[in-house]
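[1] structure, please.
(4 chains)
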4 protein chains.
Amino acid sequence: MRKICVVIPSRSDYGSIKSAVKEIDKKAKLQIVACGAALIERFGNAVEYIKKDGFHVDAEIDMLVEGDTPMVMAKTTGLGIIEMSTVLNNLKPDIVLSVGDRYETMATAISASYMNIPLAQTMCGEISGTVDETTRHAITKMAHIHFPASKDAYDRVIKMGEDPKHIYLVGCPRIDSVLNDKVSLDGLFTDYKGVGGEFSLDEPFLLVSQHSVTTEYVKARIQIEETLQAIKLLRIPTIMLWSNPDAGSDAIAKGIRTFREKNETEWLHLFTNLPPEVYSALMDKCSCLIGNSSSALREGAVIGVPAVNIGTRQNGREHGDNVVDVGYDIVEITNAILSQVKHGKYQPNYMYGDGHAGEQIADILSTCKLDIHKRMTY
Amino acid sequence: MRKICVVIPSRSDYGSIKSAVKEIDKKAKLQIVACGAALIERFGNAVEYIKKDGFHVDAEIDMLVEGDTPMVMAKTTGLGIIEMSTVLNNLKPDIVLSVGDRYETMATAISASYMNIPLAQTMCGEISGTVDETTRHAITKMAHIHFPASKDAYDRVIKMGEDPKHIYLVGCPRIDSVLNDKVSLDGLFTDYKGVGGEFSLDEPFLLVSQHSVTTEYVKARIQIEETLQAIKLLRIPTIMLWSNPDAGSDAIAKGIRTFREKNETEWLHLFTNLPPEVYSALMDKCSCLIGNSSSALREGAVIGVPAVNIGTRQNGREHGDNVVDVGYDIVEITNAILSQVKHGKYQPNYMYGDGHAGEQIADILSTCKLDIHKRMTY
Amino acid sequence: MRKICVVIPSRSDYGSIKSAVKEIDKKAKLQIVACGAALIERFGNAVEYIKKDGFHVDAEIDMLVEGDTPMVMAKTTGLGIIEMSTVLNNLKPDIVLSVGDRYETMATAISASYMNIPLAQTMCGEISGTVDETTRHAITKMAHIHFPASKDAYDRVIKMGEDPKHIYLVGCPRIDSVLNDKVSLDGLFTDYKGVGGEFSLDEPFLLVSQHSVTTEYVKARIQIEETLQAIKLLRIPTIMLWSNPDAGSDAIAKGIRTFREKNETEWLHLFTNLPPEVYSALMDKCSCLIGNSSSALREGAVIGVPAVNIGTRQNGREHGDNVVDVGYDIVEITNAILSQVKHGKYQPNYMYGDGHAGEQIADILSTCKLDIHKRMTY
Amino acid sequence: MRKICVVIPSRSDYGSIKSAVKEIDKKAKLQIVACGAALIERFGNAVEYIKKDGFHVDAEIDMLVEGDTPMVMAKTTGLGIIEMSTVLNNLKPDIVLSVGDRYETMATAISASYMNIPLAQTMCGEISGTVDETTRHAITKMAHIHFPASKDAYDRVIKMGEDPKHIYLVGCPRIDSVLNDKVSLDGLFTDYKGVGGEFSLDEPFLLVSQHSVTTEYVKARIQIEETLQAIKLLRIPTIMLWSNPDAGSDAIAKGIRTFREKNETEWLHLFTNLPPEVYSALMDKCSCLIGNSSSALREGAVIGVPAVNIGTRQNGREHGDNVVDVGYDIVEITNAILSQVKHGKYQPNYMYGDGHAGEQIADILSTCKLDIHKRMTY
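    Below is the predicted model:
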């Protein structure tokens, strides 16, 4: 039975691979490595959710170097490689499955490919802004098995010179959760605590998820403030998530904390972490999703959630009609929210898959021919 | 005046960029970082040659983790990133110029691109075997300015989705040295010492340069032994270079040392390091170049040196008529050497440039528009 | 002129060496390295205060690995050594001055002593609980020049086998600031922000500074809660400082944040960082200092501040009459505070020096004979 | 059953603990971590000997950073801590047993003590030159259980302020092997290969083992040359060992290699590694042991081998009558060798134990009360 090692560096990456993890656990010897932000309480401690879901975590890698600069992102990657190579040497997986495009993922890709272990990548071939764009495609050039989530992405991976034999259009595993794991939101505030006001979710509410754009990280504080001022104007009850650890995330956290100190914010509730299915349920129920999370474009498409996408972080990423793009500007943001709230739900769009991505990934990984030699097709 | 930082991780990489370094020093503020094998005596201590050539070395990075496994190559890269990011943060270059495709180069690429410093890459778009292939193309996806050395490579970088505006076909800087820096070989044995017999270079002699294939590193010892047995059969005076530090290089070194202990080897002389122009002069004068160095295919083309390329390390790399490919087999190797010695020099082939690569690279880097945002062209 | 390099890993260490830094700057070529928590906003960003005081920071070292376990303290030290050795190699100081006994300081001590750079240590020979105790004495065995702060500590360093020729009883530089740098507390809440209620400092108030005990770090949350419940009972206006980064500090921070969410806490104000002279002024003015900071025992002695020392962190450290020891127990803590508030100020005790430590340290370092060879005296 | 983790960083350290390892394996759950030079072929690959002896190696840590400077020794320690802390976290030993005083051992000591794992140290309390002196005593201040090898060392550990309850005078485990593991030298040259001439061991021969003095490492090349010239003068058949990896070891290796190239050296045979019992047998049979290895003073005492100790590396270390100290001077060395050869064997001296150290260490570790809190006795 093949040993398939899934490396999970953060809470959002766990959401991006959970359905595949479940299926791999049935069809192969599953190994899980949790690392980086996935181990840190203030970034959502995803490792606890993984264990609660009944999976065994084979190794944990503390690799986050503190600091709020891009230099520290590089150092984190370096430290990650040093530790990851030992972990892979101990676990001796037949395949390493790398999730998404966060910068820490580079540590997984380099360790596996330098150690001659076949590397599989999900969500490849997509287009976005920030350092994710660079990381995603560089990893594709190191990966041996490719799982693009949309037709456009599939075509792009072929064009990049990867061998079509090793490229599989499976859809996005996040969509699997959205379509298959419906959960109730009862008890949200008691179960997941967080800070701030509490309110009924039967009334209209907003959902906000805004991260730092690493290539513009010095502006992170100003960018979050525009958003906060906009939603303050509207005073619609709002659920907001703390941001991922990137260059700029401390500035965002500080912006939010200062905002809370200076304003009456009974209408605002912040969560550090939510299980992916709870987050999906919130997307399904909210009146508008605001920020720059890829979830607005990805799961958002099939959910049909009215979304306001702020700034450059998702630049170029495929999306459906449910997304309105705006700049970092209080007026643009406010108007877009109002118009989206008014519009209400959009028709589902299945561009990112129909709910069977995890199943297909597990089938392919447990049976495909493995070859560590790569060669461009041109 | 722009600060352009050239990172040099080994003796061969110095040969690959020397002509560009000279020109950058005239047209911009040159910064040099020497790292990895470039600092280690038994790998040729390239840093001393850089200093002898009159260049200031701004930082030295000890990053080689000892060991003879692929895991250690990953760890070296990790340690390199940790240190390189600090160095780049101190030097604050406007551009980082990364040389070639050795695995350590990944540390340069990740540090620069994560720190939002424009990254230029030479020798991109080429095809070869081993982990270099993966490293080279992954770095291309992180680089902002591309300097392919041949027309085929140029086309390939375009196909990979890089923006033609940032791709410059300049040829290979190694060819510059070959065509412009002719040196005498008088005093070779006194100047560069090494170990083994000494002989007249006016009589026919062989030149051998064989490195480990990282994706087959467990066979490195057997592979070098086939070569050694073949040249022992011929007993033509032979100049040989110790190999680069890769997974497998210790096994090669041990193979050579054992061979020297067990055999009478007056006909064999080994050098740890030679300046690039001396190596070129040897290529020009030798009767046949043997092994798996890319120099046989690259400078070899313009020199017209009869070459025997052993094994998979250069698989797929463009070359001229001067190269004969053989397997790791004493008979194949011996026959190919004899036939190449008999053939003598080939006509020069300018597929890798006409001697002005360094000049063009310096011109472009000192004047081009800089933009750290990347976007695939499709 | 000698190059004397002072390494400052946190806000409290800056307070412990500031008076010496000032004097070294006059008598030698001062070099400052800021590292670890000194660079992190949520741990007080001491580097900004250093710069505001007019000192040039020669190098900054990001070395804090995130996490709340002792393992991460070890990793931070390892990463620190990797970077610190490069920094020392660049700065080439004649002497490295290491401050105090935080675990990160080990990185300084190992780098300097392995690199044959004379190492000086302040505050050596003292006794306390936790990993500081181990770190402090281990560093003494690596140090070449010793600056104990009290007579007992001086005797202890001699007994440990250090050469009396290299041991100088100079007092503690923290006392210098207390005695010489009197500042006003006007504008405290505007200048240093923080969060929580604001109140007049002319009325009685408490000062709280409680850190994790690394050898009992799993109990950090419970320990802080006892303290918080005790001061909640009293409802005397209270100024509290966030804790240093150690195994357990995240648990403390979480304990405080939860306490603030669940309770009405207008009487409580939290600061992330305060300049040492402001902190001293608060000690001077407060009705009682509570927690486990060494400042209660050290500066507290000369200030005569009534102090309640909780738990084992300062176990065995010399102190004057002003300190009452209690366990982690709400009743013990409450009673001790009440009794200390009632007692009021104690007579000054000069056991930790009379205000000239910094001056003497600078004199000695700029003139003493240097010798990197060490030998035990017995 | 207690889990006792023995960390072995080099071939000589394995010799220093082998008898204890054997006994621990009987009385507790033995864990072995091999690291650093113990994994490197050119430094003797001790890990292979450990496995051949039938022990399971639980983890291997590649931590040697290449280079020949003290800075690199610091970096190796840093990298070692990063990896060692993960290994200890995985193995969860009840006790870590650290061997000797090589600089890498600091990585073990810091990881264990920061992670609140009781640390035991052998060979503590001894006096020598070089960075070993600093390392040894610093580790003593971190260790919880002490195993000095001689009465003087025992007294010194008490004087340093360690608690006599935790100090056990057990003798040196190296003596156990000398007294108990007698082996034949038949087939030495076939079994352990090496390079150079072969000769009968029934005729008089010399044994040489000389390492770099890290605090004088820039002189390592000159120092080895004096020794080589001295033994060249005598032309007595000589068995020599390559040196350990320290700052200066590459210079020593180069000195030896150059000497071999330039001289007829049929009388000289070099070994990379020998099992400890073979080395002891050579000490027992040779006419004189030359260099600066501690073995001359330690096992040498009980064997009574005539020894010439060169330079400062063993400065201050206790020894018996069998050792003559000389400087780095060809004449002094030659005369001392001649006089020692003439003297012949000395009477056994049991100052470093009577052959039961390993047994006692295993007994104590498997039964002693464990306490991670340390406090100086004064």
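
[2] so which bits of stretch A:122-131 are buried?
    Buried residues in stretch A:122-131, defined by neighbour count with 16 or more other Cβ atoms under 10 Å in any protein chain shown: A:Thr122, A:Met123, A:Cys124, A:Gly125, A:Glu126, A:Ile127, A:Ser128, A:Gly129, A:Thr130, A:Val131. Bear in mind the C-beta positions are built from the backbone N, C-alpha and C, glycine included.

[3] give the contact list for the second one.
    With contact set as Cβ atoms under 8 Å, 6 or more residues apart in numbering or on different chains, A:Met123 has these partners: A:Ser16, A:Val99, A:Gly100, A:Asp101, A:Arg136, A:Phe147, A:Pro148, A:Ala149, A:Ala153, A:Cys172.

[4] the first one now?
    Shown in contact with A:Thr122 (Cβ under 8 Å, 6+ apart): A:Ser16, A:Ile17, A:Ala20, A:Leu97, A:Ser98, A:Val99, A:Gly100, A:Phe147, A:Ala149, A:Cys172, A:Pro173, A:Ile361.

[5] any idea how far it lies from B:Glu162?
    For A:Thr122, the distance to B:Glu162 (Cβ to Cβ, to the nearest Å) stands at 24 Å.

[6] could you do the fourth one as well?
    According to Cβ to Cβ, A:Gly125 and B:Glu162 sit 15 Å apart.

[7] same check on A:Met84?
    For A:Met84, the distance to B:Glu162 - Cβ to Cβ - is 28 Å.

[8] okay, the two: which has more neighbours?
    A:Met84 (29 against 25; other Cβ atoms under 10 Å in any protein chain shown).

[9] ok, the buried residues of stretch A:122-131 vs chain D, which is closest?
    Closest approach to chain D among the buried residues of stretch A:122-131 (Cβ to the nearest Cβ): A:Val131, at 24.4 Å.

[10] give me the nearest residue to A:Tyr350, chain neighbours excluded.
    A:Val302 (6.1 Å; Cβ to Cβ, 6 or more residues apart in numbering or on different chains).

[11] any idea which helix or strand carries the one you found?
    helix A:299-303 (DSSP states H and E).

[12] what packs against that helix?
    Secondary structure elements in contact with helix A:299-303, counted by 3 or more Cβ pairs under 8 Å, 6 or more residues apart in numbering or on different chains; DSSP states H and E, are helix A:173-180, helix A:276-285.

[13] run a quick neighbour tally on the nearest residue to A:Asp284 once chain neighbours are set aside.
    Closest residue in space to A:Asp284, ignoring its immediate chain neighbours: A:Ile303 at 5.4 Å, by Cβ to Cβ, 6+ apart. A:Ile303 has 26 neighbours, counted by other Cβ under 10 Å.

[14] and A:Ile303, how far from D:Gly125?
    70 Å.

[15] now do the contacts for the residue lying closest to A:Lys29 once chain neighbours are set aside.
    Distance criterion Cβ to Cβ, 6+ apart; nearest residue to A:Lys29, sequence neighbours excluded, is A:Lys3 at 4.6 Å. Residues in contact with A:Lys3 (Cβ under 8 Å, 6+ apart) are A:Ala28, A:Lys29, A:Gln31, A:Leu91, A:Lys92, A:Pro93, A:Asp94, A:Ile95.

[16] so what's the third one bridging to?
    Here A:Gln31 sits in beta bridges with A:Cys5, going by DSSP bridges.

[17] wait, it touches A:Arg2, no?
    No. In this structure A:Gln31 lies outside contact range of A:Arg2 using Cβ atoms under 8 Å: 10.3 Å.

[18] neighbour count winner among these two?
    Comparing A:Gln31 with A:Arg2 by other Cβ under 10 Å, the one with more neighbours is A:Gln31, at 25 against 16.

[19] now do the contacts for that one.
    A:Lys3, A:Ile4, A:Cys5, A:Val6, A:Asp58, A:Leu91, A:Pro93.

[20] re the thing from before, and the buried residues of stretch A:122-131, which two are furthest apart?
    Pairwise distances across the buried residues of stretch A:122-131 peak at 19.6 Å for A:Thr122 and A:Gly129 (criterion: Cβ to Cβ).

[21] how about whatever residue of the stretch 251-378 of chain A ends up closest to chain C: what's its closest non-neighbour residue?
    In the stretch 251-378 of chain A, the residue that lies nearest chain C is A:Glu261 (5.6 Å; Cβ to the nearest Cβ). The shortest distance from A:Glu261 to any non-neighbouring residue, by Cβ to Cβ, 6+ apart, is to C:Val195 (5.6 Å).

[22] so what's the residue count around the one you found?
    When neighbours are counted by other Cβ under 10 Å, C:Val195 comes out with 17.

[23] so it sits against A:Lys262, correct?
    No. Contact between C:Val195 and A:Lys262 fails when scored by Cβ under 8 Å: they sit 10.4 Å apart.

[24] I'd assumed A:Val308 was in a helix, is it?
    No. According to DSSP: H, G, I helix; E, B strand; the rest coil, A:Val308 belongs to no helix; its state is strand.

[25] list the contacts for A:Tyr217?
    By Cβ under 8 Å, 6+ apart, the neighbours of A:Tyr217 are A:Asp68, A:Thr69, A:Pro70, A:Asp246, A:Ala247, A:Gly248, A:Ala251.
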